[in-house]
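**Student:** what follows is a protein structure lacking sequence information:
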């Protein structure tokens, strides 16, 4: 945990410093008349102090010095794949519309853990897309984008 | 309620994620129906969570973790039926006691809260946040840091007093702030999926014939006081800011073990070890509605979603809520009674179905959960930006989990942040810049001193360790 704590504390220290200086830019005001950055100035200041305490605590901690494997094994590639899919879906949905983009997304998502049964994947993807469309768009009146093809 | 039970049964999406997912679907419902639905999910989760704990030894929800200890052992001894039965009956009794408590406490508390000013609200919110961080499962320091990050995230958007944008980085969509639905979906839903995708997803269900769902007289005799104690502990811990359905089962279990004549039975299939925590989590679910409905302060992340639902429907949570919307309050109370009965009537006969649900492979479930998260985040404002926000917080939540940071303090602080800021700035305006206003007023003073002592108490183990080291050195 030691290296993980050191890394994360440095990250939060960076975040706190950014917010701290932005709060000053926004104006912290005075106690009599607190400004827009008053609370975030205090919150980021305390966050910064706590990050330093965490960093020092981790640095002086005895014992395990190596980082725990953050991406153990090969399965993290699945996550990367799903992440790319989600970002692509968000980008493509307004262009292709809900039905087409969701159908493609579901094929690929089902494929992640079930690669052999193509027929099963296709049927599940069609059913999922149509059912969610009926429930959310027709029944609950959610407004999905129509896309280039009008559906 | 069935959705709630389903969510409770299935490990992978918690009550916060499920509520956030279904919140956009409630926009066309009246506010009372929305609250009833959310409360149904919350209660249902508490009922359903025990099924996986008892049959699979995997808690469906955080609030059912402790039930695994004795519930699974009972299942292994061929007593899954009485374990599931006493969990359901205990939940029913505790839920009813909590409803009575809600009726008795909420209205007078709301009346008393009318005399609260900004300093009292500020102090109560601070205390709630400190308690949440104090009760964190991991490092308290990290939980505190998460609460501060939540406050910072909550300040993104328009300033509560001047109405000017801040921390928006020139992105128009951030003017309204970070949406709670994408935030919760990301931190609880997407991150959980990522976490599960990394692991082997096989789970083994303990196959046993489910019979004798009605506990025997001996079971009742052993469990009756455990149910009573669990209900009372759960209810009061639920009211406390920062408490809720997660902590109360642990406390109830510890108390039960302490008062037991044969504590060595615990962990080996003691029925009290199932009855007490399952009663406590349901009672806490009811109790935690009190600070929200009478003070307008959500005491835990689940209630933060209730809070958001009220705001979305144009209802301002606070001491005037019950007075101005009696139909909402009493409608909710009535539905909780009815829901409790329905959950008992539906869940016991349907336990066989929930066991079948447990057998659905994750490879089928995870694409569906992901799609529901995407739909839920998008349908809030019908903007793609919310999907990016959800994905961002999904990745952040997954990484945070690996680094040992919890999402619960962040969510609660995110919701409380704007109220906290308003109360702080108003208090300082009233006192003309004197921070003594928080100490000189009795309620805020007591609350802040309590929060400070709680924070200080974290240092006790450190000093004990140092003292031990010093004594060892001296020897």
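**Tutor:** Yes, it's here. Keep in mind that what you see is a predicted model, and the values were worked out from it rather than measured.
**Student:** so residue B:239 sits against residue B:285, correct?
**Tutor:** No - Residue B:239 lies out of contact with residue B:285 (CB atoms under 8 Å); the separation is 11.6 Å. Where you see a C-beta, it was placed from the backbone N, CA and C, and this is true even at glycine.
**Student:** quick one: which of those two has more around it?
**Tutor:** Ranked by neighbour count (other CB atoms under 10 Å in any protein chain shown), residue B:239 and residue B:285 place residue B:285 first, with 32 against 24.
**Student:** can you give me the pLDDT of the more buried one?
**Tutor:** pLDDT, the model's per-residue confidence, is 84 for residue B:285.
**Student:** and the helix or strand encompassing it, what does it pack onto?
**Tutor:** With elements delineated by DSSP states H and E, residue B:285 resides in helix B:272-287, which encompasses its position. Counting by 3 or more CB pairs under 8 Å, 6 or more residues apart in numbering or on different chains; DSSP states H and E, the packing neighbours recorded for helix B:272-287 are helix B:31-55, helix B:67-76, helix B:80-113, helix B:217-239, helix B:248-259.
**Student:** for those, which one ends up most surrounded?
**Tutor:** Mean neighbour counts were taken over those using mean count of other CB atoms under 10 Å in any protein chain shown, and the top value, a mean of 26, falls to helix B:31-55.
**Student:** is chain A contacted by that helix?
**Tutor:** No - contact of helix B:31-55 with chain A (CB under 8 Å from any CB of the partner chain) is absent, the minimum separation being 12.4 Å.
**Student:** for that helix, packing partners?
**Tutor:** Using 3+ CB pairs under 8 Å, 6+ apart as the contact criterion, the neighbours of helix B:31-55 among helices and strands are helix B:2-9, helix B:15-22, helix B:67-76, helix B:80-113, helix B:272-287, helix B:301-312, helix B:326-358.
**Student:** mind giving me the packing neighbours of whatever helix or strand comes next after the fifth one?
**Tutor:** Using DSSP H and E, the helix or strand that directly follows helix B:272-287 along the chain is helix B:289-290. Packed against helix B:289-290, as judged by 3+ CB pairs under 8 Å, 6+ apart, are the following elements: helix B:80-113.
**Student:** elements contacting the helix it packs on?
**Tutor:** In this structure, helix B:80-113 packs against helix B:31-55, helix B:67-76, helix B:217-239, helix B:272-287, helix B:289-290, helix B:321-324, helix B:326-358, with contacts taken as 3+ CB pairs under 8 Å, 6+ apart.
**Student:** tell me what angle whichever helix or strand comes after it forms with helix B:217-239.
**Tutor:** Proceeding C-terminally, helix B:80-113 gives way to helix B:118-134 as the next helix or strand, assigned by DSSP H and E. Calculated by axes from the mean of the first three to the mean of the last three CA atoms, to 10 degrees, helix B:118-134 forms an angle of 130 degrees with helix B:217-239.
**Student:** returning to that earlier point: what's the closest of the helices and strands packed on helix B:80-113 to residue B:450?
**Tutor:** Ranking these by proximity to residue B:450 (CB to CB) places helix B:217-239 first, at 14.5 Å.
**Student:** quick one: list the elements packing against the closest one.
**Tutor:** Using 3+ CB pairs under 8 Å, 6+ apart as the contact test, the elements touching helix B:217-239 are helix B:80-113, helix B:248-259, helix B:272-287.
**Student:** where among these is the average confidence lowest?
**Tutor:** Looking at the helices and strands packed on helix B:217-239, the weakest mean confidence is helix B:248-259, a mean of 85.
**Student:** quickly find the element holding residue A:93.
**Tutor:** Here residue A:93, judged by DSSP H and E, is contained in helix A:76-96.
**Student:** in that helix, what counts as buried?
**Tutor:** Of the residues in helix A:76-96, those buried under the neighbour-count criterion (16 or more other CB atoms under 10 Å in any protein chain shown) are A:76, A:79, A:82, A:83, A:85, A:86, A:89, A:90, A:92, A:93, A:94, A:96.
**Student:** pLDDT value on the residue lying farthest from the centre of chain A, please?
**Tutor:** Within chain A, residue A:32 marks the point farthest from the mean C-alpha position, 38.9 Å out by CA atoms, centre = their mean. Per-residue pLDDT puts residue A:32 at 87.
**Student:** do you know how far it is from chain B?
**Tutor:** Applying CB to the nearest CB, to the nearest Å, the value for residue A:32 to chain B is 4 Å.
**Student:** how does chain A divide into domains?
**Tutor:** A:2-59, A:76-139 (automatic domain parsing).
**Student:** so where's the chain uncertain?
**Tutor:** No chain was given, so I picked chain A. Where chain A drops to pLDDT under 70, the residues are A:1, A:63-74, A:115-116, A:151.
**Student:** oops, I was thinking of chain B
**Tutor:** Counting by pLDDT under 70, chain B contains low-confidence residues at B:1, B:4, B:8-14, B:58-62, B:137, B:200-212, B:241-246, B:462-463, B:475.
**Student:** tell me the centre residue of it?
**Tutor:** When chain B is reduced to its mean C-alpha position, the closest residue under CA atoms, centre = their mean turns out to be residue B:302, at 4.5 Å.
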